[in-house]
Each structure stands twice: as structure tokens, then as C-alpha cells.
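*Asks:* need a structure here:
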Amino acid sequence: MRAPRSTYRLQIRPEFDLYAAADLVPYLRGLGVDWVYLSPILTAEPGSDHGYDVTDFSAVDPARGGAEGLRALSEAARAAGLGVLVDIVPNHMGVATPANNRWWWSLLAEGRDSRYAEAFDVDWDAGGGRIRLPVLGDGPDELDQLELVRDAGPDGTGTELRYYDHRFPVAAGTADDGAGARQVHDRQHYELVSWRRADAELNYRRFSGVNTLAGVRVEVPWVFEESHAEIRRWFAEGLVDGLR
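*Replies:* The predicted structure follows:
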């Protein structure tokens, strides 16, 4: 097994993607670096510079260079005799924008019946059968600001509830009777609550108390398999040498 003697960490982001990292390899080799150490590269929240808010475990982030960018970096490192180390964060997901995270979107839309309900730690009983999401402001009637939007959703179909820039799914059959947005909200598997309630009243496990990072149960075999399938491909194709 190859072990690094020295590493140089590169923060991969849209402004400095995997292709840019590949171009930097000769310089790193000249410094005497043994391995290139990459920050998280799986698909993250749009605009994320750190990459720890992964929204899709199944793909290298297109904004960070995508699969071909990783291959370019790996080939450059191999040519220079450098190893490749990648930071991964499989124990939580970014949920700030539900429509960008199909696991979380499914959970909000289908509740306990979602295939992904097992992937997250939700105390359904503590929330009266609903997930509490701390997004509302301080006004007395914040729920009156909700808007019901049809022909929406990540795939352009279905119905959504929107609160300013926030978008949430509407469970099938819960908006078919002409009810208003607030009444439809009361029928969902989630409850929008004030951000001030986050520290004491949320009923889903978070990473380090960050509301937009939901804990993932990687101890469940199928969750581990699905959250690591893309990472396994990196090793199968000889693209990386180690993980952090």
C-alpha cells in the first residue's frame, strides 16, 4: 500500500476546478509534494466554495470539473508520479436547497414512506409526524407568505410550496381540492417553523448543529453502498489512491 510522505491540499471550487488543479501539478511536483490532496469534489450546493454540503453522492460536481476533470487531474498526477487523496463527507448532506437534493426532496414529499426516510435520522414522533424546517422569519403571519405553484418541482411537474426563494414539494393528492397555500402546508410531511426554534425544537439530526447539513445514516448498509458507489468507481478506475 502506498502511503504519502507529504501532501498539498487544493481547495477545488468553481473558480479553481479540477482542470486548474491538473495544470498546477508540475509546480507541485517541483515543490517536492508527494500527493495532491483535494477538498470534497462530489456535487454540492450551487455556489459552494467548500464542497462539504454535498447534494448528490453519485457524481463529481460539474461545477468543479466533473468526471472528466477528475480524470484530467489524475492523469496529470500519475504522469508526475504523485498520488491523489480526496476528502469525502458521507455522514451528512446539504439540504439548504431541497430541489437540488433528490434524497431530501423525496423525504419531504413522501415522509416516512420515502425510500430515503431510513437514510436520515428523523424523530417523527417528536414532530407530530412532520419534519420541522427552520426557515420562517419573525413576522406574526409568516405562513401567509406561502405561495402554491403548480407545474413546478425539479423536473418541471408537480406542485410546490414557496416561501420567498425557498421551494418545497407538495405531497401527492394534498393540493387537489382548491385549498389555499397555508392549508396545503398543514397537510405536508414537513412543518415550516421560525429559525429561532432551531436550537431546541428540530427533530432531524444535523452535522455540528448546522441546520442546512442533515446527518446521513451511513451505518445502514444500502445507504453506505449508495453514498460510496461513485467513490468506489474512482478506485476501480485507478483515479485516486486514498481518502480522508
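*Asks:* what residues are bridge-paired with Ala214?
*Replies:* Met93, Arg206 (DSSP bridges).
*Asks:* I'd say it and Arg206 touch.
*Replies:* Yes: contact status for Ala214 versus Arg206: in contact at 6.2 Å, counting by C-beta atoms under 8 Å. Any C-beta I mention is one placed from the backbone N, CA and C, and that applies to glycine too.
*Asks:* who's more crowded, the two?
*Replies:* Between Ala214 and Arg206, Ala214 has the larger neighbour count (other C-beta atoms under 10 Å), namely 24 against 16.
*Asks:* give the contact list for the more buried one.
*Replies:* Counting by C-beta atoms under 8 Å, 6 or more residues apart in numbering, Ala214 touches His92, Met93, Val95, Trp104, Phe120, Tyr204, Arg205, Arg206, Phe207.
*Asks:* which neighbours do Ala214 and Arg206 have in common?
*Replies:* Both Ala214 and Arg206 are contacted by His92, under the criterion C-beta under 8 Å, 6+ apart.
*Asks:* circling back: export the contacts of Ala214 to CSV and tack on pLDDT and distance to Pro169?
*Replies:* Shown next, in CSV, are those (pLDDT from 0 to 100; distance: C-beta to C-beta, whole Å):
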residue, pLDDT, distance to Pro169
His92, 97, 21
Met93, 98, 16
Val95, 98, 13
Trp104, 98, 10
Phe120, 98, 15
Tyr204, 97, 16
Arg205, 96, 21
Arg206, 96, 20
Phe207, 94, 23
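*Asks:* can you tell me which of those comes closest to Ser227?
*Replies:* Ranked by distance to Ser227 (C-beta to C-beta), these are led by Met93 at 8.7 Å.
*Asks:* the closest one touches Val54, doesn't it?
*Replies:* Yes: using C-beta under 8 Å, Met93 is in contact with Val54, at 5.7 Å.
*Asks:* of these two, who's got more company?
*Replies:* When Met93 and Val54 are compared for neighbours, Met93 comes out ahead with 27 against 24, by other C-beta under 10 Å.
*Asks:* what sits against the residue nearest the centre of the chain?
*Replies:* Central residue of the chain (C-alpha atoms, centre = their mean): Thr55, 2.1 Å from the mean position. Residues near Thr55 by C-beta under 8 Å, 6+ apart: Thr43, Ala44, Glu45, Met93, Gly94, Val95, Thr97, Asn100, Asn101.
*Asks:* for Ala200, same thing?
*Replies:* Residues in contact with Ala200 (C-beta under 8 Å, 6+ apart): none are found.
*Asks:* which SS class is it?
*Replies:* Applying DSSP: H, G, I helix; E, B strand; the rest coil to Ala200 yields a three-state assignment of helix.
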